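# return a 3D structure for these sequence lines:
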Amino acid sequence: MGKGRKVLSADHARALIKQAIGMIFGDITVETEATAEIAAIEAQHAKGRVKATKPTKPSSTPGP
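Below you'll find the predicted structure:
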């Protein structure tokens, strides 16, 4: 997860728990589904976090 969010959404927490259960019980299908859900949630979060570029101030030109 790296430098992820400090607060997880309910969906993200649920997917992480689902992934852990899949790992513990050795259920590859459940683990894979949860991993895909986590990736989708993190991608959606990253998409919403993109900063818009600030418009630059027009350059001032000396007047006549």
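# where do the strands sit along this structure?
With strands called from DSSP state E, the chain shows none.
# so in it, which helix runs the longest?
Assignment by DSSP state H gives helix 28-48 as the longest helix of the chain.
# so where's the protein shaky on pLDDT?
Scanning the chain with the threshold set as pLDDT under 70 gives 1-6, 49-64.
# which residues touch the closest residue to residue 30 other than its chain neighbours?
For residue 30, ignoring the flanking residues on the chain, the nearest one in space by CB to CB, 6 or more residues apart in numbering is residue 22 at 3.6 Å. From N, CA and C alone the C-beta is placed, and that goes for glycine too. The neighbours of residue 22, taking CB atoms under 8 Å, 6 or more residues apart in numbering as the test, are 28, 29, 30, 31, 32, 33, 34.
# pretty sure the third one sits against residue 20.
I take that to be residue 30. No. In this structure residue 30 lies outside contact range of residue 20 using CB atoms under 8 Å: 10.0 Å.
# between these two, which is the more surrounded one?
The residue with more neighbours, out of residue 30 and residue 20, is residue 30; 16 against 13, by other CB atoms under 10 Å.
# list the buried residues of the longest helix of the chain.
If you call a residue buried by 16 or more other CB atoms under 10 Å, then helix 28-48 has these buried ones: 30, 31, 34, 35, 37, 38, 41, 42.
# in CSV, list the residues you listed along with distance to residue 14.
As requested, the buried residues of helix 28-48 are exported to CSV (distance: CB to CB, whole Å):
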residue, distance to residue 14
30, 12
31, 14
34, 9
35, 13
37, 8
38, 10
41, 10
42, 14
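# quick check, nearest of those to residue 8?
When those are ranked by distance to residue 8 (CB to CB), residue 41 comes first, at 9.0 Å.
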